[in-house]
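# Structure here, sequence nowhere to be found:
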């Protein structure tokens, strides 16, 4: 383990959790008191149709589950070992925001412009929060996990993908659904996009699990 002191890991994990929670809450407040930024220049509940927003909310909620364990470790218990259910949740939220980050880097950024992706609160939602979640999950939050736990990381993409398919392809913008703001149905290629996103999410989930296991086992 790279950081062996339980209290140091607990303190850093606690700080990471609070940063993700507070910046996500601040971005939501911005949507409901004004407008978002860049590719999400919208207002109010319309923000929830974006996977970026949903994945960061999920990550923040998953981080909140870890707070009592970090506080307990800091209060004098001397251990910071999380139960398996908490690690599953953290992996799920971390995988979701990692999908967000990598989609921006490799797809939306080149198509719509990176400046558009990282302006205002988008910088936190698209880059900083995902990195914080990844670092804390891989380096700080000890506990036993099974390889099959990585499958939980696919759930957010699967659920959102089904909703996106219904709203964009089945209903369509002309009938009150969503426009294809991610471009996943360009040329009618939604089956390919859907399969590619699920495959990429599976790779991301197992990658996070493997990196965490490697770092936690280092002497």
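On my side now, so go ahead. These numbers were taken from a predicted model, which means no experiment stands behind them.

# The nearest residue to residue 193 once chain neighbours are set aside in helix, strand or coil?
Spatial nearest neighbour of residue 193, excluding adjacent residues (C-beta to C-beta, 6 or more residues apart in numbering): residue 184 at 3.9 Å. (C-beta placed from N, C-alpha, C; glycine too.) Following DSSP: H, G, I helix; E, B strand; the rest coil, we place residue 184 in the coil state.

# And for residue 184, the neighbour number?
Residues near residue 184, counting by other C-beta atoms under 10 Å, number 20.

# Please apply the same query to residue 71.
Burial of residue 71 is recorded as 12 neighbouring residues (other C-beta under 10 Å).

# List the buried residues in the strand or helix carrying residue 163.
Assigned by DSSP states H and E, residue 163 belongs to helix 155-165. For helix 155-165, the neighbour count (16 or more other C-beta atoms under 10 Å) marks 156-157, 160-161, 164-165 as buried.

# Kindly reformat those residues as TSV containing pLDDT.
Formatted as TSV, these follow (pLDDT from 0 to 100):
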residue	pLDDT
156	97
157	97
160	97
161	95
164	95
165	94
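
# Can I get those residues in JSON lines including distance to residue 214?
Shown next, in JSON lines, are these (distance: C-beta to C-beta, whole Å):
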{"residue": "156", "distance to residue 214": "24"}
{"residue": "157", "distance to residue 214": "24"}
{"residue": "160", "distance to residue 214": "29"}
{"residue": "161", "distance to residue 214": "29"}
{"residue": "164", "distance to residue 214": "33"}
{"residue": "165", "distance to residue 214": "35"}
